[in-house]
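[1] the sequence and its predicted three-dimensional model are supplied below.
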Amino acid sequence: MSARARPVRRIVIVGGGSAGWMTAAAFGRALAGQPHSIALVESEAIGTVGVGEATVPPIHEFNRYLKIDQAEFLRATHGTIKLGIAFEGWGGSDHRYFHPFGYLGVEMSGIHFHHFWLRHLAAGGDPDHGPYNLETMAAREGRFAPATRHGPVHHAVQFDAAAYARLLRSYAEDKGVVRIEGKVADVRLDPEDGFITALALDDGRTIDGDLFIDCSGFRGLLIEGALQTGYTEWSHWLPCDSAIAMPCEGTGDPAPFTRSTVREAGWQWRIPLQHRDGNGYVYSSAHLGHDEAEALLRSRLPGAPLADANRLRFVAGHRKAIWNRNCVAIGLAGGFLEPLESTSIHLIQTTIIRLLSLLPRDAIDPNVIRRFNRDALHEYAVIRDFVIAHYALANRDDTPFWRDVAAAGLPDSLAERIEAFRATGNILFEPGDLFGPTNWYAVLTGQGMRPQSWHPIADGLSDEELATRLATLRGRVAEQLAELPPHVEFLRRL
Ligand SMILES: Cc1cc2nc3c(=O)[nH]c(=O)nc-3n(C[C@H](O)[C@H](O)[C@H](O)COP(=O)(O)OP(=O)(O)OC[C@H]3O[C@@H](n4cnc5c(N)ncnc54)[C@H](O)[C@@H]3O)c2cc1C
């Protein structure tokens, strides 16, 4: 495909789930006052996937870009604060660890804190690294404020995604995005180069466009249905292909974190919102029947159910290209990684920002598409490795599912990271990766790994100096913690 003059003025978004309305809101804001038209077509009869409640911290950047105030956002979406994820049973039964946001300790002598910590462990020091991370301690005590006198408290949010989509819809419509209710029945292609020229609705209307953004969910109506882009599957390493979601009444004050509990054929989430808890069982249908999974989830709900079960099917992986011709797939239409680290909404956000940063004016250039796809697929692969690490290192062999997971092996890129960490204590990551040293350290060691070594610079402090620095860091965290009100108090003040 070579570049051909194709002015991009008419932007058509298919789908009105989180992906569609996040895209519409961001494009509406970015192109306000420009000669572009933005239309979003969605079908109430088809509906949305209806799940997706936990996020990662960069969601705040997206809301800041839209100038949506945090308090307004939390009120509108019945949101709560998320300081990390409590993993229960992943490192063996009765084992629990916390994957926090924020940082473990501080960099010292130019290297990450965990190298000093590994030296401390080797000398028989107390193994609890919680007191060196404010977010872990705040989660333990159920406390939160956006910042202390010393700096920010790193956090994401847990929210009602349908309410977020409603908030963004009214935002986008205010910015001139036109919503079209209707069902896309046909996608028309240019016979010369296969670009999409128009959508035909089932009531006979047509919608012409220059750039089409496929937010149609798992079906990938444009990217797959019309353009047959192909799908890269990762189910060998991530065999869960089903989920049952069911909200229930909250019990007690909402915790400022998400829970992930190991189950016989996968894991169960619990996400506390202000007005209810979200729950779900993610499992492999090759190892557990759907009815049985639903019965198990019901029996383990912490409160009375508030709705019927929502059954979902998926395949871990992504489209072979996220941008194909004049179509870009965002959200579930582009790919899916199970919600173990709550990364799907984040991938929507980064795909929108990447597309906006490369948005063509007068020509869709194949080099731009190649760069976009390279970066987008790299991002998927890095997050995939992080998610697989939880499974691959889980200390479980008590059911056929967990034995099959243990036998599945690792992608080369993850095997390299794990080996490097085991042998040297180094965490291999690239600037811009969503998960940095604290995240990898928390998960790898939480799942039971103990590196055999650490960075030589960590030997540069005397035992006394190291003990003094650790005490100073612990003291600073304790001081900050004392400033934080209870999480419920923070929510009440909204
Ligand atoms: C079990 C599970 C748990 C999850 N948990 C999390 C989580 O905790 N955190 C997180 O970040 N993400 C999570 N996700 C992912 C998250 O739900 C999605 O990324 C997010 O909801 C975006 O979905 P979407 O907008 O791409 O698709 P959908 O919500 O499916 O929306 C598709 C839209 O396309 C429209 N459409 C489809 N076909 C047509 C047609 N022919 N004509 C017109 N319109 C059409 C539909 O009407 C709908 O509006 C989870 C996903 C699953 C499956």
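    Structure's in. What do you need? Residues are numbered from 1 along each chain as shown.
[2] give me the distance between H112 and A389.
    H112 sits 18 Å away from A389, going by C-beta to C-beta, to the nearest Å. Bear in mind the C-beta positions are built from the backbone N, C-alpha and C, glycine included.
[3] ditto for P485
    Here the criterion is C-beta to C-beta. By it, P485 lies 35 Å from A389.
[4] more crowded one of those two?
    Neighbour count, other C-beta atoms under 10 Å: between P485 and A389, A389 has more, with 22 against 12.
[5] hang on, the more buried one in a helix?
    Yes. If the criterion is DSSP: H, G, I helix; E, B strand; the rest coil, then A389 is within a helix.
[6] from what I see, it and G446 are in contact.
    No. Look at A389 against G446 with C-beta atoms under 8 Å: they stay out of range, at 10.1 Å.
[7] the closest residue to the ligand within the stretch 251-400 of the chain: how many residues sit nearby?
    Closest to the ligand within the stretch 251-400 of the chain is G331: 2.4 Å, counting by C-beta to the nearest ligand atom. G331: 30 surrounding residues under other C-beta under 10 Å.
[8] also Q268?
    Q268: 23 surrounding residues under other C-beta under 10 Å.
[9] swap in I383?
    By other C-beta under 10 Å, the residues close to I383 number 21.
[10] leaving out the residues flanking it, which one is nearest to it?
    T343 (5.1 Å; C-beta to C-beta, 6 or more residues apart in numbering).
[11] ok, that neighbour - contacts?
    V56, L337, I383, V387, L434 (C-beta atoms under 8 Å, 6 or more residues apart in numbering).
[12] and W117, how far is that from Y441?
    Look at W117 and Y441: by C-beta to C-beta, they are 8 Å apart.
[13] what's the overlap in contacts for those two?
    What both W117 and Y441 touch, as defined by C-beta under 8 Å, 6+ apart, is the set L104.
[14] at the contact with the ligand, which residues of this protein appear?
    Contacts of the chain with the ligand, taken as C-beta under 6 Å from any ligand atom, map to 14-20, 41-43, 46-49, 51-55, 161, 183-184, 215-217, 219, 221, 243, 245, 280, 312, 314, 331-333, 339, 342, 344-345, 348.
[15] among those, which are located in helices?
    In this view, these that belong to helices under DSSP state H are S18, A19, G20, A161, S344, I345, I348.
[16] so can I have TSV of those residues showing neighbour count and pLDDT?
    Output for those, formatted as TSV (neighbours: other C-beta atoms under 10 Å; pLDDT from 0 to 100):
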residue	neighbour count	pLDDT
S18	25	97
A19	32	98
G20	31	98
A161	22	93
S344	25	97
I345	24	97
I348	25	98
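[17] can you name the residue of the stretch 101-250 of the chain nearest to the ligand?
    Going by C-beta to the nearest ligand atom, the ligand is nearest to G217 of the stretch 101-250 of the chain, at 2.7 Å.
[18] spatially, what comes nearest to that residue if we skip its sequence neighbours?
    Closest to G217 by C-beta to C-beta, 6+ apart is L332, at 4.7 Å.
[19] ok, that neighbour touching I348?
    No. Taking contacts as C-beta under 8 Å, L332 lies outside contact range of I348: 9.0 Å.
[20] any residues in contact with both of the two?
    Both L332 and I348 are contacted by A19, under the criterion C-beta under 8 Å, 6+ apart.
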